[in-house]
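Q: attaching a predicted model along with its sequence, questions to come.
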There are 2 protein chains.
Amino acid sequence: MLRISKLTDYGIVLLARFAAAPRDAQLSAREMAEASALPLPVVSKMLKELASAGLLESLRGAKGGYRLVRVPEAITVAEIVRALEGPIALMECTAGPGHCEQEARCTVQEPWHRINRAVNDALSRVTLADLARPLVAKPLLGIENSAAPASHPNN
Amino acid sequence: MLRISKLTDYGIVLLARFAAAPRDAQLSAREMAEASALPLPVVSKMLKELASAGLLESLRGAKGGYRLVRVPEAITVAEIVRALEGPIALMECTAGPGHCEQEARCTVQEPWHRINRAVNDALSRVTLADLARPLVAKPLLGIENSAAPASHPNN
DNA sequence: ATTTACGGCACTGAATTGGTCCGATATGGT
DNA sequence: ACCATATCGGACCAATTCAGTGCCGTAAAT
């Protein structure tokens, strides 16, 4: 269904919560789990991954927890997705040369790369800071297009 | 990995081949399989699905085959993906209300919808006709952005 | 009638996903 | 010193999805 995995989604929501908290706030897995109404093991797992990806910094021991390494404005959704799911590649070939053995014969590679780039850009234009204040005043520039809101049939 | 399934990819490649053939050309599963160097069962399966999705018209019997229902210019990649994988929904909630039970508490829905729309738009802007002539002279308007080609770290 | 080709479906093995659990280690407090 | 609280790094598992195959029925051309 062309979707981001549920776990990645959790990860992003968790990060958004860090971004919404006071700057440099330190939060434990337990706190996050309670706040998000998600099972602790899941939250724990995701926070670990985010830490090992370098997006969160971990503080061990009692009174430990996690903290954002960078300011929310400097972390893009694209980056988070890449950290949790690997390269943003809609199809094999866009992950780099050598991934698809049809490479030579394939006639649609170039358009695919374009599409992939467009998706990448869309994800790159939204930062954690944008997610932290979802009732945005200023529209997310470059994402909004001129089509009417209702004119997007999704299925 | 945020990717389109391999089968869907096949489907798109097959459709592109139809688009590249003379207008209204009729091609059989066997021919397509040979031309694409893909196993016949797979090609057959995808063509069936594309036909039942209404993108191809099937002609049964000896000398049968498939044919594009619409002109390539009128078929978008978004449409094909939706036909083969269902709604283009990066995360549960963007597939419509009621899909995610976190709906009430979730703070990032609105930005997600924006992102999803952007991806949708990107896929909607490329038509089968664009895929059929991949060595494009004119750039695919609206997809290209100003960033330098090399400045797209994918991983 | 025979051959060619689609239609529908069932089925399989493999990989991925979503989620749990555990022992080890680090830290703060008493 | 000891204990409670946390993260760390795994392994682990069930359920789903993915990718691919096969079969039987039906339609059309010769």
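A: Noted; the coordinates are in hand.

Q: pull the contacting residues for the residue nearest to residue A:21 when sequence neighbours are not counted.
A: Once flanking residues are discounted, residue A:21 sits nearest to residue A:27: 6.6 Å by CB to CB, 6 or more residues apart in numbering or on different chains. All C-beta atoms are positioned from the backbone trio N, CA, C, and that covers glycine. Contact analysis of residue A:27 by CB atoms under 8 Å, 6 or more residues apart in numbering or on different chains lists A:17-18, A:21, A:65-67.

Q: go ahead and confirm residue A:119 touches residue B:120.
A: No. The pair residue A:119 / residue B:120 is not scored as a contact, 10.0 Å apart, by CB atoms under 8 Å.

Q: ok, residue A:73 touching residue A:127?
A: Yes. With contact defined as CB under 8 Å, residue A:73 counts as touching residue A:127 (5.4 Å).

Q: of the two, who's got more company?
A: Counted by other CB atoms under 10 Å in any protein chain shown, residue A:73 and residue A:127 do not tie: residue A:127 has more neighbours, with 21 against 12.

Q: picking up where we left off before, okay, and which of the contacts of residue A:27 map to helices?
A: Among the contacts of residue A:27, the members falling in helices (DSSP state H) are A:17-18.

Q: all strands of chain A, in order?
A: With DSSP state E, the ranges of strands along chain A come out as A:56-59, A:65-68.

Q: okay, those strands, which one's buried deepest?
A: Across the strands of chain A, averaging neighbours per residue (mean count of other CB atoms under 10 Å in any protein chain shown) puts strand A:65-68 on top, at a mean of 20.

Q: residue in chain A nearest to DNA strand C?
A: Using CB to the nearest atom of the strand, the closest approach of chain A to DNA strand C is made by residue A:61 at 1.9 Å.

Q: and the closest residue in space to residue A:12 that isn't next to it in sequence, how close does it get to chain B?
A: Closest residue in space to residue A:12, ignoring its immediate chain neighbours: residue A:80 at 5.5 Å, by CB to CB, 6+ apart. Relative to chain B, residue A:80 is positioned 11 Å away (CB to the nearest CB, to the nearest Å).

Q: thinking again about what came up before, out of the contacts of residue A:27, which comes closest to DNA strand D?
A: Set against DNA strand D, the nearest of those by CB to the nearest atom of the strand is residue A:65 (4.5 Å).

Q: the closest one pairs with what?
A: Beta-bridge partners for residue A:65, by DSSP bridges, are residue A:59.

Q: isn't it right up against residue A:24?
A: No. Taking CB under 8 Å as the definition, residue A:65 is not a contact partner of residue A:24, at 11.5 Å.

Q: before we move on, back to that, wait, the residue nearest to residue A:12 sits on residue A:15?
A: Yes. If you go by CB under 8 Å, residue A:80 and residue A:15 touch, sitting 6.3 Å apart.

Q: which neighbours do those two share?
A: Residues touching both residue A:80 and residue A:15 (CB under 8 Å, 6+ apart) are A:50, A:55, A:128.

Q: so how far is stretch A:53-60 off the chain centroid?
A: A distance of 16 Å separates the centroid of the chain from that of stretch A:53-60, by CA atoms, centre = their mean, to the nearest Å.

Q: and that stretch, what's its mean pLDDT?
A: The average pLDDT within stretch A:53-60 is 98.

Q: okay, it in PDB with CA atoms only?
A: Provided in PDB are the C-alpha atoms of stretch A:53-60 (Å, rounded to 0.1, in the frame of the first residue of the first chain):
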ATOM      1  CA  ALA A  53      20.500   6.300  14.500                       C
ATOM      2  CA  GLY A  54      21.900   9.400  16.200                       C
ATOM      3  CA  LEU A  55      18.600  11.400  16.300                       C
ATOM      4  CA  LEU A  56      18.300  11.000  20.100                       C
ATOM      5  CA  GLU A  57      20.900  11.000  22.800                       C
ATOM      6  CA  SER A  58      20.500   8.500  25.600                       C
ATOM      7  CA  LEU A  59      21.200   9.000  29.200                       C
ATOM      8  CA  ARG A  60      21.500   5.800  31.100                       C
END
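
Q: which outside residues touch it?
A: A:15, A:18, A:26, A:47-48, A:50-51, A:64-70, A:75, A:79-80, A:83-84.

Q: before I go, just wanted to say thanks for your time.
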